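Enquirer: Sharing a model that was predicted from the sequence below.
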Amino acid sequence: MPRYYFNLRHRPGPAGLAVDPEGEEFPDLDAARKRALDAARDHIARTRTDIVRDWFVCSFEIEDEDAQLLLTVRFSETVPEVDYGD
Amino acid sequence: MAQPQHSAVRNRLLKALSADDFALLQPHLQPLRTELRQTLIHPKEPITHLLFPEVGYASVVADVAGNRIEVGLIGREGLVGASPVLPEGGTTPYHEFVQSPGEMLAIGTAAFRATLDQGPTFRTLMLRYLQTVLIQARQTAYANAAYTMDVRLARWLLICQDRLDGDDIPVTHDFLAVMLGVQRSGATLAVQSLEGSRLIKARRGCITVVNREAMVELVNGSYGGSEAEYARLIEGM
């Protein structure tokens, strides 16, 4: 199975990226995306940290083993878009 | 390997024993090399041996509904198996395994119990040790409720460093996540936070403590109290 790296972008610039040194194996990118959304939900719900002020500005930058960016998953994607009709 | 000598043991409980009590235990102590992730105690299974860590430490992990969270750490200050065996409860709900490999001295449960009956001062020391385990667990409960992940990581690193020689703490982010009860990306963030404050240096699979004094300051009293109680109860300091 391919290994995916879930780098956490919490603010602009190099200091704003927490680089995943270990990665995790998934059958495909879609499974990795689901994992990223689950992790994002868990962070929003219960992770208290001094480094992140607002989880909703964060995103996972999912990379492959060659450090090529495959997909960006924004934490805001955990909340479904609601059409209030206005 | 030869039988361990009292003057040479590194485990703080064994060091604190009287010469008479150590002599009772000595014939039963079997040196054991430990390997990373080696299981020492299976949850809900009869415990056949207790282990005095000499080098390295074990993690106590609760595995509930697929969530693995570290709830204890036992190194050279302690005895793996004491809290289930001393009150004769027989088993524990937790999985206890080697997190830092090294050496432990194993003793069969029956021999351990027999020694408790023969050595009243040994029994007192073991009961005092249980009290220190309880204090440590309560301090951890307090820290988990009161502090952010970053502070809890700092506290945990201090506790690990006390149980190792030197400043290097071998650990993966995957296990740090178990220890902090967060996602792996949360562990990575906490490491970045402490590294950004120049308290630690991280490389793959290893964290080096570079400013211990600043870490003690950061954890704001959540570290040190139970360590002082240990010194008072076990070592009479």
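Expert: Nice, thanks for sending it over. Since the model is a prediction, treat every value here as computed from it, not as a measurement. Residues are numbered from 1 along each chain as shown, chains lettered A, B, ... in the order given.
Enquirer: residues in chain B within reach of chain A, list them.
Expert: B:147-151, B:172-174, B:182-186, B:188-193, B:196, B:204 (CB under 8 Å from any CB of the partner chain). Any C-beta I mention is one placed from the backbone N, CA and C, and that applies to glycine too.
Enquirer: Any figure for the gap between the most centrally placed residue in chain A and A:Y5?
Expert: By CA atoms, centre = their mean, the mean C-alpha position of chain A lies nearest to A:F60, the distance being 2.2 Å. Distance, A:F60 to A:Y5, by CB to CB, to the nearest Å: 10 Å.
Enquirer: Could you pick out the longest strand of chain B?
Expert: strand B:49-64 (DSSP state E).
Enquirer: Could you export that one as CSV, CA atoms only?
Expert: What follows is strand B:49-64 as a C-alpha-only set of coordinates in CSV (Å, rounded to 0.1, in the frame of the first residue of the first chain):
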residue,chain,number,x,y,z
HIS,B,49,5.9,-12.5,36.8
LEU,B,50,6.7,-9.1,38.1
LEU,B,51,9.6,-7.1,36.7
PHE,B,52,11.9,-4.5,38.3
PRO,B,53,13.2,-2.3,35.4
GLU,B,54,16.9,-1.7,35.6
VAL,B,55,17.4,0.0,32.2
GLY,B,56,14.5,1.2,30.1
TYR,B,57,10.8,1.5,30.8
ALA,B,58,7.4,0.1,30.2
SER,B,59,4.2,1.8,29.1
VAL,B,60,0.8,1.0,30.6
VAL,B,61,-1.8,1.5,27.9
ALA,B,62,-5.6,1.4,28.0
ASP,B,63,-7.1,0.0,24.8
VAL,B,64,-10.8,0.9,24.9
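Enquirer: Can you show me the strands along chain A?
Expert: Counting by DSSP E, one finds strands in chain A at the ranges A:3-9, A:17-18, A:24-25, A:59-63, A:69-74.
Enquirer: Domain parsing of chain B, as residue ranges.
Expert: B:6-142, B:148-221 (automatic domain parsing).
Enquirer: Comparing the ones you listed, which comes out most buried?
Expert: domain B:148-221 (a mean of 19; mean count of other CB atoms under 10 Å in any protein chain shown).
Enquirer: ok now it, how far from the chain's centre?
Expert: 16 Å (CA atoms, centre = their mean, to the nearest Å).
Enquirer: separation between the residue lying closest to B:Y94 once chain neighbours are set aside and B:E70?
Expert: Ranked by CB to CB, 6 or more residues apart in numbering or on different chains and with sequence neighbours excluded, the top spatial neighbour of B:Y94 is B:V60, at 4.8 Å. With distances taken as CB to CB, B:V60 is found 7 Å from B:E70.
Enquirer: related to what we said a few turns ago, just the residues of chain B next to chain A: which are in helices?
Expert: Of the positions in the residues of chain B next to chain A, B:149-151, B:173-174, B:184-186, B:188-193, B:196 sit in helices, assigned by DSSP state H.
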